[in-house]
Structure formats: C-alpha cells, structure tokens
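> could you look at this predicted model? Sequence included:
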Amino acid sequence: MGGFQFQIDEPPTDVKAAEKRLDDMANLLAHYKQHMQEKSAHHLGYPINLEFDYAPLLQFQNLHLNNLGDPFVECNYGLHSREFEIAVLDWFARLWELPEDQYWGYVTNGGTEGNMYGLLVGRELFPEGIIYTSCDSHYSIFKAAKMFRVQCIKIDTSFSGEMDCADFRHKLLQNTRSPAIVNVNIGTTMKGAVDDLDEIIRILESCGFANRFYIHCDSALAGLMMPFIKQAPKVTFKKPIGSISISGHKLIGCPTPCGVVMARLMDVNHVMSTNIEYIASRDTTIAGSRNGHAPIFLWYALKRIGYKGLCTTVENCLKKAQYLALCLREKGVSVFLNALGSTVVFERPNDEMFVRKWQLACQGNIAHIVVMPSVSIERINLFVEEFTENRTAVLRDKGSSIPCVAGDIGQENCLCSLHDDRR
C-alpha cells in the first residue's frame with residue numbers, strides 16, 4: 001500500500017481542497033479493499049473462515065450496540081443485543097450438555113479472553129493452585145498465568161502435539177499439596193492436537209486431586225468441530241470440567257474477532273460476581289464494554305447453518321485436509337495431519353516471500369495450513385503447484401536436500417533421505 005497517506009491530519013478549510021481530500025480518502029479505501037481481497041485469496045495459514053455473507057445485517061451498521069455487563073442481568077443501558085447473546089449461549093449450552101439453569105457465559109472478543117476467563121475462574125476457586133498445560137498450548141495460556149501471577153508448569157508433548165500424560169502424572173505428583181488448574185487443549189495451535197481429556201481426569205483423581213482440580217478446555221477451533229465427528233471423544237460438561245472457550249470467527253466465520261466462553265453458574269456466582277451500581281448490573285466479565293454486533297453475527301450464522309449444516313461443514317473440512325496432505329506427500333513433501341483435525345503440518349518453505357504470500361504460520365522447521373470452509377480444492381491445487389515449484393527451485397539453487405523434520409512430525413511422516421520408507 002505504498003504511496004497512500006494514512007496519517008490523520010486536520011481537514012482543509014478550502015472547499016475544493018476538502019472535496020479532493022474526500023476523493024483521496026475514497027480512493028484509498030477502494031485500494032485497501034482490493035488489497036484485502038487479494039490477501040484473502042491467498043490466506044491459508046490461520047484458522048479463519050472467510051466464507052460468510054452478513055448482508056442482511058448491514059441494517060445494524062449505523063447502530064451502536066454495547067453488551068455492557070452480565071448478559072443475564074437487565075441493566076440501565078439499553079443499546080445492546082443481549083437477547084441474541086443469550087440465544088447463542090443457550091445453543092452452546094445444549095452442544096456441551098450443560099442445563100440452561102446451570103451455565104453462565106458470554107460472547108468474548110476472542111479465544112484469548114475466553115482462556116483468560118476460564119483460568120481466572122480456576123484461580124479464584126483455587127488461589128493456591130498451579131496451572132498445568134502442555135508445551136504446545138496457545139501463548140494466551142502462558143500470558144494468563146503471568147497476568148494472574150500463577151505458577152505454570154509445562155507438560156511435554158508427543159510429536160503430534162498431544163499432552164504426554166505420563167509426564168503430567170509425574171509433575172502432578174511433585175506438587176500434591178497444591179490444587180491443579182489444568183488447561184486441556186482441544187486442538188493445539190500449531191498441530192491441531194487434542195489432549196486426552198478422559199485420561200487427564202483419571203490421572204487427577206488417581207493422584208489424590210479429587211475435588212481439588214479445575215479443568216479449562218481451550219477449544220478455539222476444534223471445540224466446534226469435534227461434536228460433529230463421530231469417532232471423536234466428547235467434550236461435555238457431563239465430565240468434571242469447569243469451562244470451555246471457542247473462537248467465533250474461526251469455523252463459523254465472522255467479520256470481527258469474537259468467541260464464546262462458558263462455565264458453571266455455581267462457580268461464577270461463588271467467585272466472579274460483583275454488583276455495579278453505575279450500570280445496574282453484575283461485573284462478571286473480563287471486558288466491561290463488549291461488542292454488541294458479534295452476538296448478532298453468531299446468532300445469524302448458527303440460525304442459518306444449524307447442527308446438520310455444521311456436520312457437513314466439518315466433514316468437508318476434514319476431507320479437504322486429507323486431500324491436501326495426500327497431494328503434498330505425493331510430491332515428496334514431509335507432512336502430518338492429526339486424525340481429528342484439519343491442520344496440515346509440513347516442512348517449512350525455505351523462501352520467506354512465499355511464506356508471506358500464502359500467509360503460512362511457521363514454527364521452527366514446520367509450517368501449517370488450516371483447512372477452513374473457505375479453502376477450496378482449487379486453492380489447494382494452486383498452493384501445491386506453487387509450493388512444489390518453489391521448493392524444487394530453492395533446493396536446486398542452494399544445492400541442499402529435503403530437510404529432516406522427524407523431530408517435529410515423527411519419523412514415519414518425514415520424507416528426508418534418512419527416513420523416507422518409500423524407496
């Protein structure tokens with residue numbers, strides 16, 4: 001976007017200059033829209049569904065909507081969308097099997113806020129508790145531990161990104177006097193790994209932590225996928241978990257970042273509720289002012305697609321992810337795909353311009369593509385073609401061989417000269 005002036009200066013007093021200024025602003029916005037459309041056409045590395053149409057909701061664009069305070073408390077502030085927010089929360093309560101009179105939650109600004117809220121409830125219930133989370137956890141978990149000044153113990157993971165339950169048990173038994181606040185990943189950031197919730201619960205109970213643990217499930221992406229995968233283990237409040245958070249802009253798709261966090265009402269009432277006279281509501285959320293448009297977006301999307309539609313959406317994402325992994329492997333690229341996810345992990349491109357073009361998320365020796373509803377087969381084919389051409393050229397120019405990523409995605413998935421078993 002070089003050549004455009006983004007700085008904010010004072011409007012001119014001259015009429016012609018003022019008109020030119022408005023034309024320049026319109027020109028800048030038009031070019032910026034085109035720039036974003038071009039970026040969207042090559043967006044693969046981050047879990048965002050760009051396939052949405054909220055045109056019927058444009059009528060709310062000129063309305064200020066602020067879901068201030070507790071969504072379940074009628075307050076003095078009238079410019080809100082609480083009715084839509086509660087409908088969205090009721091939908092998720094049914095999905096996660098928590099009766100309407102036993103849950104509390106709200107629409108957040110994104111997954112990080114949901115994680116912070118869940119861990120904060122755990123910290124308030126167990127002030128002397130220790131946070132346990134895997135090394136592959138989202139950075140917001142470690143941020144929350146730092147902000148809340150809670151000791152955080154990292155648990156080793158397998159090459160797939162799943163928590164090593166033996167290491168969890170070992171480290172848990174080193175701290176038997178302190179309650180356990182456990183973050184369980186339902187789809188890790190880089191590899192889409194799902195921690196074994198049932199085994200984690202068994203370990204906590206067998207190690208003497210019964211009634212002394214709190215589990216938060218970071219389900220940013222997979223929390224909306226796993227309920228629609230037949231072979232997937234259930235994430236449900238029928239199990240002894242304390243909270244779940246998801247991102248709304250990922251699988252569902254939304255023009256603004258948003259999410260949902262849900263916890264048990266008795267826990268929230270016990271540790272998180274303070275009456276605020278100024279707004280005639282309860283202070284139960286992390287943010288004070290909250291986006292009132294996001295609940296309407298979520299309501300509209302869920303109302304249109306429904307459970308059956310989400311089931312089809314998830315099935316298509318998994319099929320396209322398997323197709324991408326197969327295409328890369330056939331081209332001799334080291335690749336890994338968790339069985340319950342749509343995150344395809346492969347060797348990191350050795351060309352940063354290529355990485356930026358396709359907006360790939362990279363970590364060490366690996367990169368990934370998250371196959372979302374907006375990722376078409378045509379886009380996958382184009383990426384595979386460009387990637388393999390670029391990879392061949394870079395390896396030839398540098399005189400190097402296929403990199404070894406066995407330590408990142410397992411020997412059986414690495415196609416370097418040392419581990420390739422196709423020969």
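Right, received. Where do you want to start? Keep in mind it's a predicted model, so treat the numbers as computed, not measured. Residues are numbered from 1 along each chain as shown.

> how about Phe354: what's its closest non-neighbour residue?
Asn390 (5.1 Å; C-beta to C-beta, 6 or more residues apart in numbering). C-beta coordinates here come from the backbone N, C-alpha and C atoms, glycine included.

> quick one, what contacts that neighbour?
Pro349, Asp351, Phe354 (C-beta atoms under 8 Å, 6 or more residues apart in numbering).

> look up how far Lys238 lies from it.
48 Å (C-beta to C-beta, to the nearest Å).

> before we move on, back to that, list buried residues within the contacts of Asn390.
Pro349, Phe354 (16 or more other C-beta atoms under 10 Å).

> counting only helices, which of the contacts of Asn390 make the cut?
Phe354 (DSSP state H).

> confidence-wise, which of the contacts of Asn390 comes last?
The member of these with the lowest pLDDT is Asp351, at 92.

> let me see the contact set for that one.
Asn390, Val394.

> for it, phi and psi?
phi -140, psi 100 (degrees, to the nearest 10).

> count of residues packed around the nearest residue to Lys320 once chain neighbours are set aside?
Nearest non-adjacent residue to Lys320, counting by C-beta to C-beta, 6+ apart: Val371, 4.8 Å away. When neighbours are defined as other C-beta atoms under 10 Å, Val371 has 27 of them.

> point me to the helix or strand that includes the residue nearest to Phe354.
Using DSSP states H and E, Asn390 sits in helix 377-398.

> buried ones in the following helix or strand past that helix?
Toward the C-terminus, helix 377-398 is succeeded by helix 406-409 as the next helix or strand (DSSP H and E). The neighbour-count criterion (16+ other C-beta under 10 Å) identifies Ala406, Asp408, Ile409 as the buried residues of helix 406-409.

> equivalent analysis for stretch 69-89, please.
69-72, 75, 77, 80-82, 84-89.

> same thing with stretch 360-371?
Within stretch 360-371, the residues scored as buried using 16+ other C-beta under 10 Å are Leu360, Ala361, Ile366, Ala367, His368, Ile369, Val370, Val371.

> so the third one sits against Arg348, correct?
Yes. Distance between Ile366 and Arg348: 5.5 Å, which falls inside the contact criterion (C-beta atoms under 8 Å).

> could I get the contacting residues of Ser342?
With C-beta under 8 Å, 6+ apart, Ser342 has these contacts: Gly192, Met225, Cys317, Leu318, Lys320, Ala321, Val370, Val371, Met372.

> same deal with Asn381?
Asn381 neighbours (C-beta under 8 Å, 6+ apart): Cys327.

> mind checking pLDDT for it?
Asn381 is given a pLDDT of 98.

> can you pull out the helices in the stretch 1-150 of the chain?
Chain-ordered helices for the stretch 1-150 of the chain, with DSSP state H, counting those that start in this stretch as the definition, fall at 15-41, 82-95, 111-125, 139-147.

> dump those to JSON lines, plus distance to Ala180.
Shown next, in JSON lines, are the helices of the stretch 1-150 of the chain (distance: least, C-beta to C-beta, whole Å):
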{"stretch": "helix 15-41", "distance to Ala180": "42"}
{"stretch": "helix 82-95", "distance to Ala180": "25"}
{"stretch": "helix 111-125", "distance to Ala180": "9"}
{"stretch": "helix 139-147", "distance to Ala180": "13"}
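
> could you save the ones you listed as a markdown table and add columns showing mean pLDDT and distance to Asp101?
Below are the helices of the stretch 1-150 of the chain laid out as a markdown table (pLDDT from 0 to 100; distance: least, C-beta to C-beta, whole Å):
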| stretch | mean pLDDT | distance to Asp101 |
| --- | --- | --- |
| helix 15-41 | 94 | 42 |
| helix 82-95 | 98 | 10 |
| helix 111-125 | 97 | 18 |
| helix 139-147 | 98 | 29 |
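
> highest average neighbour count across those?
Among the helices of the stretch 1-150 of the chain, ranked by average contacts under mean count of other C-beta atoms under 10 Å, first place goes to helix 111-125 (a mean of 25).

> and the strands in the chain, which stretches?
Remark: strands assigned in the chain by DSSP state E are 103-108, 130-134, 152-155, 180-185, 213-218, 243-247, 259-264, 275-276, 281-282, 335-337, 343-347, 361-363, 366-370.

> what's the residue nearest to the spatial centre of the chain sitting at in phi/psi?
Against the mean C-alpha coordinate of the chain, by C-alpha atoms, centre = their mean, the closest residue is Ala220 at 3.4 Å. Main-chain torsions, Ala220, degrees, to the nearest 10: phi -40, psi -50.

> mind checking pLDDT for Ser281?
At Ser281, pLDDT is 68.

> cool, Val73 as well?
If you check Val73, the pLDDT there is 89.

> can I assume it is in contact with Asp283?
No. The pair Val73 / Asp283 is not scored as a contact, 10.2 Å apart, by C-beta under 8 Å.

> and the residue lying closest to the residue nearest to the centre of the chain once chain neighbours are set aside, how far from Leu302?
With C-beta to C-beta, 6+ apart as the criterion, Ala220 has its nearest non-adjacent residue at 4.0 Å, and that residue is Gly111. For Gly111, the distance to Leu302 (C-beta to C-beta) stands at 18 Å.

> likewise Cys414?
Applying C-beta to C-beta to Cys414 and Leu302 gives a distance of 41 Å.

> more neighbours, those two?
Cys414 (24 against 20).

> show me where pLDDT drops low in the stretch 301-423 of the chain?
For the stretch 301-423 of the chain, applying pLDDT under 70 flags the ranges 422-423.

> and if we set it to 80?
397-400, 420-423 (pLDDT under 80).

> next up, the contacts around the closest residue in space to Val268 that isn't next to it in sequence.
Nearest residue to Val268, sequence neighbours excluded (C-beta to C-beta, 6+ apart): Trp104, at 4.3 Å. The contact partners of Trp104, by C-beta under 8 Å, 6+ apart, come to Phe72, Met262, Ala263, Arg264, Leu265, Val268, Asn269, Thr284.
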